[in-house]
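**Q** how would this look folded up:
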Amino acid sequence: MMSIATNQLINEYYNRYRENELVFTKDIMRTLRIDPRQIYVKCAGSQWPCIINSTSFQQAKIIVGTAGGAFTTITKKDAPPVSLRYGFTEPDGSPLVFFVTCRVTDVTPYMNSHDLAVITLSFTQRPPDDLIYKLGTLLAADDNFTHRKEDRIVINADTKRALGIDKKETIIYIQNIPRRCILWNLSFSGVKVVLMGIPKFLQNKDCVTRFMFSDPDQVVDVKGTIVTSEPVENRQDLAAVGIKFDENQVPLSYKIRINEYLSTTRKKMLDVAAANTIKKVDPIEATRKVRKDPDAEQTDEKSKPAEEQQAAQSADTAEAAAASNATAENAQPQTAGNTAETAATAENAASESTASPVQTEQPAQNS
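**A** Model prediction:
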């Protein structure tokens, strides 16, 4: 059973490359591990061998002989449904075979030949996930080869393990002469290596770089040209050379290896970024923090609308007035009890003021 991540990748492949047609060249058939002996077209209870010329996620084009039973049966009017059988060989050597239900939508001669015909079979339903994954992996590698060709991968212990390279030491053929070298970095479009030699004699030489991969074991040779050559610091006998690959001759197996590494690295970076962005907060703890933080309460008060603040102030004023009234009522009995004493004190003060009037200085009159 495929994992959720793989299912998401399959859906992405299907939606992105649904209409991309893939012509089955020798390199593609070798990379996909297609077994030509297991390719059949089935109709009306019989099946016949055929050649798959091209395929996509929506249709396939097969080549059959016009004198055979397959052509006669599947091209006649009101022919029954047709099934196309795909056959692959897994890396462990086990076979992988499945059928895709189709209907005939077009019949044309193959390169103006009367003996061979190209029959277009349109799929009546989405093809199996195994087909989408295999074709999608190849299409994605070819797509990124165009858009990410300059992304450099420095060779170290981690990248070697991720790429399936056992060791940095390899062989480069310069004008068909093998020379040992050390991988420095690589990309879709080229590689940088260090080897013994005089830099000026290596410039602009045609070469073939050999890559030895594992899981599964593969030996991949890539043609290119030395475009830069410079001496290594403090080592005049060593040269660091930059090799540019011939884009038309880069094997698909090499593209897939580089694409898998770049895609995995990009996914890890996105996962880390997402983990740093999304922060999980416990709402209970957040509420407690707000209650305990007086600054937060002041901030909340400042952030209230003006109407709410006025209403709060009015409520505070009403509470203060009520408190004042209550205080006056509590103080009133004590004041009434002392009224007589207060009146007597005032009467005495008035009599004293009558007996001893205040002397007022009169202004002098001018004679």
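
**Q** drop to CA atoms for contacts and neighbour counts, all remaining ones
**A** OK.

**Q** what about the residue lying closest to residue 214 once chain neighbours are set aside, neighbour count?
**A** Leaving aside its sequence neighbours, residue 214 sits nearest to residue 164 (Cα to Cα, 6 or more residues apart in numbering; 5.0 Å). Residues within reach of residue 164, counting by other Cα atoms under 10 Å, total 18.

**Q** quick one, phi/psi of residue 257?
**A** The phi/psi pair for residue 257 (degrees, to the nearest 10) reads phi -60, psi -50.

**Q** And residue 153, by the same measure?
**A** According to degrees, to the nearest 10, residue 153 has phi -120, psi 110.

**Q** is it in a bridge, and if so with what?
**A** residue 186 (DSSP bridges).

**Q** Residue 74 is in contact with residue 43, isn't it?
**A** Yes - using Cα atoms under 8 Å, residue 74 is in contact with residue 43, at 6.7 Å.

**Q** Out of those two, name the residue with the larger neighbour count.
**A** A side-by-side neighbour count of residue 74 and residue 43, using other Cα under 10 Å, places residue 74 first with 20 against 17.

**Q** Can you give me the distance of the more buried one to residue 38?
**A** Using Cα to Cα, to the nearest Å, we find residue 74 at a distance of 19 Å from residue 38.

**Q** one step back: could you pull out the residues contacting both of residue 74 and residue 43?
**A** Counting by Cα atoms under 8 Å, 6 or more residues apart in numbering, the residues touching both residue 74 and residue 43 are 80, 82.

**Q** Please identify which helix or strand holds the residue nearest to residue 34 when sequence neighbours are not counted.
**A** Distance criterion Cα to Cα, 6+ apart; nearest residue to residue 34, sequence neighbours excluded, is residue 88 at 4.5 Å. Assigning secondary structure by DSSP states H and E places residue 88 in strand 82-89.

**Q** Likewise for residue 134?
**A** Residue 134 is part of helix 129-147, with elements assigned from DSSP H and E.

**Q** buried residues in that helix?
**A** 129, 131-142, 144-145 (16 or more other Cα atoms under 10 Å).

**Q** Show me what it is packed up against.
**A** helix 4-16, helix 252-277 (3 or more Cα pairs under 8 Å, 6 or more residues apart in numbering; DSSP states H and E).

**Q** Would you mind pulling the contact partners of the very next helix or strand once past the shortest one?
**A** Next in sequence after helix 4-16, counting helices and strands by DSSP H and E, comes strand 22-23. Contact with strand 22-23 is made by 53-56, as judged by Cα under 8 Å, 6+ apart.

**Q** List the neighbouring strands of strand 22-23 plus their orientation.
**A** Taking DSSP bridges as the criterion, strand 22-23 forms sheet pairs with strand 51-55 (antiparallel).

**Q** and the angle from the helix or strand just after the partner strand to strand 51-55?
**A** Remark: after strand 51-55, the chain's next helix or strand is strand 59-65, criterion DSSP H and E. Relative orientation of strand 59-65 versus strand 51-55 (axes from the mean of the first three to the mean of the last three Cα atoms, to 10 degrees): 160 degrees.
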